[in-house]
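Trainee: after the sequence you'll find the predicted model.
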Amino acid sequence: MPNLRSLVAELGEAKVKLDLADRVLHRYDAITEGKIPLAVVYPETTLEVARVVRFAREAGLPLFVRGGASGLSGGAVPTEEGIVLATNRMTRLSIDPGRRVAVAQVGVVTAWVSERARPFGLYYPPDPASYRMSTIGGNLAENAGGPQCFKKGVTGDYVMGATVVDADGHVHELLGREAHDVLGLLVGSEGTLAVFTEATLRLEPLPKHTRTLAAFFESVEAAAAAAFEAIRRGAVPAKLEFLDQGCIRAVEAAFGYGLDTEAGAMLLVDTDGDDRELVEEELALVADAFAAHGARIQRARDAREAERLWQARRAVSPALGRIKPYKLNEDIAVPRSRLVEVVHRIRDLGEAFGFPLVQFGHIGDGNLHPNILYGPGDDRGKVHELAHAIARVALEAGGVITGEHGVGLLKRAFLVEAVEAGTLEAFRALKRAFDPGGLFNPGKLLP
């Protein structure tokens, strides 16, 4: 048994937790349960992270890095008895308005970056739905996106530099153009190759004008066709979100936002920019394209109404909890041209398996989130069988098995079908090169 008390003596009892209650709390993420770790460590600096990595390597213990634990693929849960490195106290954040960058430790909550940058007229565009609880470290691990990804991009598009700790406990500063290839490899590697401790993030000027509309359609087909038509006409909305009827009705039953519960689908759109006329013109273009497909359009008259509509979108996940206590939030991405077909096939699968299933997502880039709803008495094996069938639908449509949630623990078995054998071996070779001892996040990503 490794001498964990020596780590307590070195870092202090406030930073190294060995009590069962502390350890049990760190076996979970948003939907998954893992093994109870042997210890939970709360570092505050890069050097402390490096020390924990060296200790874990010398003790032969696996290391699992955890941020806000809002993940939906099991990426942060322990698969073996080991050490959880909890980054919640790594919250140093500074804004350099002249360079338009933020320097954030990995425990910084995503929303804090834009909140701190706003007085300087700046913001951080990546906005996953969990932005008020997820952390920068988790965003880096999963290459997180969000509603703005169609126009603004994802986390990796904003990382200008980073500090990482390798499997030997050595610290590396990845800055400048020459570091971009390595950063491109590490961002989205789900904690399997190195530990991020700090990132330099590019900020953008806040758009001076934003307009919002919601559109309600008779069917999913009409909503998808309308979205494609708006994009074909040249619109590049800041946000373009899709909700099916199940989501609309769940949100309305739970919170009463005034949505049209008879609609077969809903699209929610933001246009933004610095020129008011261009923003209005783009919104009008979108509205015309939607109207051509029978939409009933609701324009937000002011920022308050716009925020209420977006609150309705963010309320989908909590609203679903009123239907069933558990849900498996799937995450696939498919070509926009195949979206209607995919939505129908997934709906048919839900009916065949006998589970309530609703769908929403970022229709602009074809990122769809089918949610399988189930209860404590339901067969979880059957739930995961349905999830696997949904992943196959994405692959057969020319898509991928994850758009932003990651492979993690839940989808690692699917990777054999999603990636050809040669590419999978290249992934394994990279893992061996970066982490030959299998220290970082074992049991994740690679089958």
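Mentor: Now that the structure is in, tell me what you want to look at. Numbers count the residues shown, from 1 in each chain.

Trainee: how close does the spatially closest residue to residue 109 that is not a sequence neighbour sit to residue 199?
Mentor: Excluding the flanking residues, the one nearest residue 109 by CB to CB, 6 or more residues apart in numbering is residue 135, at 5.8 Å. Heads up, the C-betas are built off the backbone N, CA and C, glycines and all. For residue 135, the distance to residue 199 equals 11 Å [CB to CB, to the nearest Å].

Trainee: returning to what we had before: relative to residue 14, how far out is the residue nearest to residue 109?
Mentor: Separation of residue 135 from residue 14 (CB to CB): 20 Å.

Trainee: what's the answer for residue 96, then?
Mentor: 31 Å.

Trainee: likewise for residue 306?
Mentor: 43 Å.

Trainee: likewise for residue 55?
Mentor: Distance, residue 55 to residue 14, using CB to CB: 17 Å.

Trainee: out of those two, which sits in the more crowded spot?
Mentor: residue 55 (23 against 10; other CB atoms under 10 Å).

Trainee: how about the contacts made by the nearest residue to that one once chain neighbours are set aside?
Mentor: Leaving aside its sequence neighbours, residue 55 sits nearest to residue 7 (CB to CB, 6+ apart; 5.5 Å). Neighbour list for residue 7: 16, 39, 41, 52, 55 [criterion: CB atoms under 8 Å, 6 or more residues apart in numbering].

Trainee: so of those residues, which ones are in strands?
Mentor: Per DSSP state E, strands hold the following members of the contacts of residue 7: 16, 39, 41.

Trainee: who wins for neighbours among these?
Mentor: The most crowded member of these is residue 39, carrying 26 neighbours; neighbours defined as other CB under 10 Å.

Trainee: contacting residues around that one?
Mentor: Contacts of residue 39 (CB under 8 Å, 6+ apart): 4, 7, 16-18, 23, 83-84.

Trainee: which members of these are the farthest-apart pair?
Mentor: Within the contacts of residue 39, 7 and 23 form the most distant pair, 13.9 Å apart (CB to CB).

Trainee: starting at the chain centroid, how far to stretch 149-164?
Mentor: The chain centre lies 13 Å from the centre of stretch 149-164; the measure is CA atoms, centre = their mean, to the nearest Å.

Trainee: now do the end-to-end distance for that stretch.
Mentor: 25 Å (CA to CA, to the nearest Å).

Trainee: make residue 1 into 5 and carry on from there
Mentor: Right, with 5 as the first residue, what we last looked at is stretch 153-168.

Trainee: how close does residue 97 get to residue 128?
Mentor: Counting by CB to CB - residue 97 and residue 128 are separated by 11 Å.

Trainee: who's more crowded, these two?
Mentor: More crowded of residue 97 and residue 128, by other CB under 10 Å: residue 128, with 27 against 20.
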